[in-house]
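1. Next comes the sequence, and after it the predicted model I'd like to discuss.
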Amino acid sequence: MVADEDEVWVVGDVAMGTLADNLPLVGLLRGRKRLMAGNHDRCWAGKKGWEKWVDRYLEAGFEEIVQGPVETRIGSRQVIVSHFPYAGDSQDRDRLTEQRPVDRGSWLLHGHVHEKWRTRDRMINVGVDVWDFRPVRSDVLADLMENGRRSGRER
């Protein structure tokens, strides 16, 4: 599904178990991998001492670790990529609200909510938890944004 030259964004929480067991798996994955650091990643700037973990994540196979939201283009649309959604959480209440991007009307590709939903309003959860543990192709994302489709997993 992923070629060696493909750009792959991991939207955070890449190794939620032990780093020794899980982080080496990144090197087995194809593509040029970029990590949007999430709140469960030790290299996330929201954690004390995060800087000392950056090299370990890079050595595992990430080309870049990004802190905070970035803008990119998917198809004809300018979108935001962030670990955090505009609103919503994997738990009963919204946590880390100060880390969330401001909703100014753009589509948002995010993680953080794990299996809670695929799409909600202009937010698309691109975490593998709801995509059969596979990355979501950009043409699928462009189609979702163009057609405003909703997933059966929206809550």
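-> That came in fine, so what should we check first?
2. What's the local residue count around residue 58?
-> Residue 58 has 14 neighbours, counted by other CB atoms under 10 Å. C-betas here are computed from N, CA, C, even on glycine.
3. likewise residue 90?
-> 14.
4. Please name the nearest non-neighbouring residue to residue 142.
-> Leaving out its chain neighbours, the residue that sits closest to residue 142 by CB to CB, 6 or more residues apart in numbering is residue 75, at 3.3 Å.
5. Settle this for me: the one you found is touching residue 147, isn't it.
-> No: the criterion here is CB atoms under 8 Å, and residue 75 misses it with residue 147 at 11.6 Å.
6. between the two, who's got more neighbours?
-> Using other CB under 10 Å as the criterion, residue 75 and residue 147 rank with residue 75 on top: 12 against 8.
7. What values do phi and psi take at that one?
-> phi 60, psi -130 (degrees, to the nearest 10).
8. Quick check: it vs residue 144, distance?
-> 10 Å (CB to CB, to the nearest Å).
9. Read off the pLDDT value for the residue nearest to residue 145 when sequence neighbours are not counted.
-> Closest residue to residue 145 apart from its sequence neighbours, by CB to CB, 6+ apart: residue 107 at 5.1 Å. Looking at residue 107, its pLDDT stands at 97.
10. hang on, residue 107 packs against residue 120?
-> No: with contact defined as CB under 8 Å, residue 107 does not count as touching residue 120 (11.5 Å).
11. Give me the helices and strands touching the longest helix belonging to the chain, please.
-> Longest helix in the chain by number of residues (criterion: DSSP state H): helix 138-147. The contact analysis (3 or more CB pairs under 8 Å, 6 or more residues apart in numbering; DSSP states H and E) places helix 138-147 against strand 70-74, strand 77-81, strand 123-125.
12. what mean pLDDT does it have?
-> 94.
13. Now do the buried residues in it.
-> Residues of helix 138-147 classed as buried: 138, 141, 142, 144, 145 (neighbour count, 16 or more other CB atoms under 10 Å).
14. Turn those residues into TSV, columns for distance to residue 116.
-> Conversion of the buried residues of helix 138-147 to TSV gives the following (distance: CB to CB, whole Å):
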residue	distance to residue 116
138	23
141	18
142	23
144	17
145	20
